[in-house]
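In: Build me a model:
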Amino acid sequence: MPLKRPVVLLLEDDPDEAELMRLAFQKVDPDCDLRVAMDGQEALALAVEGGVGAEAQNRGALHLVILDLKLPGMTGDEVLRALKSESRTQAIPVLVLTSSDLPEDVGRVYADGANALLRKPLAFSDLANLVAGMMAFWFSPCLLRAE
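Out: Okay, here's the model as predicted:
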């Protein structure tokens, strides 16, 4: 049985950081469908449109959301809470990628439903390693079997 192509939504308002993430995904898994949203409203629209489950399969259901906490306008925390409160998106794993190491940020994002909080690496090689680890953990072949 063939494997589904992983679909990942990245919410990152910094175009340079979004491009670095795109390059890291391309290096690690060129088959990954990485979708980038530059703000919270766009991310929520893409997530709800993709959704999960059988009804979303034809639209390219999301398998993972990676979001930044520090965003202008709608914050990453608000996006996380919205994703976890919407029935069509609450089952999608959400990884928070941030430069913050404040204990209150850690506790808050887990309380709001994040599946992981990861520190943004400074070097591209470390970012590629982080992406490789995410892909290995979240996209094991048994989880991505085509239906």
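In: For the helix or strand bottoming out on mean pLDDT in the chain, give me every contacting residue.
Out: Sorted by mean pLDDT, DSSP states H and E, the helices and strands of the chain end with helix 40-50, the least confident at a mean of 85. By CB atoms under 8 Å, 6 or more residues apart in numbering, the residues outside helix 40-50 that reach it are 7, 9, 11, 35, 37, 56, 59-62, 65, 67, 71, 73-76, 78-79, 82-83, 86, 88-89, 92. In short, each C-beta sits where N, CA and C put it, glycine included.
In: Restricted to buried residues, select the residues you listed in ChimeraX.
Out: A single ChimeraX command is used to select the members of these judged buried by 16 or more other CB atoms under 10 Å:
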select :7,9,11,35,37,56,60,61,62,65,67,71,74,76,79,82,83,88,89,92
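In: Just the ones of the contacts of helix 40-50 in helices?
Out: Within these, residues falling in helices by DSSP state H are 76, 78-79, 82-83.
In: Flag the least confident of the residues you listed.
Out: Among the ones in helices among the contacts of helix 40-50, Gly76 carries the weakest pLDDT, at 90.
In: Enumerate every residue touching that one.
Out: Counting by CB under 8 Å, 6+ apart, Gly76 has contacts 11, 40, 67-70, 96, 98.
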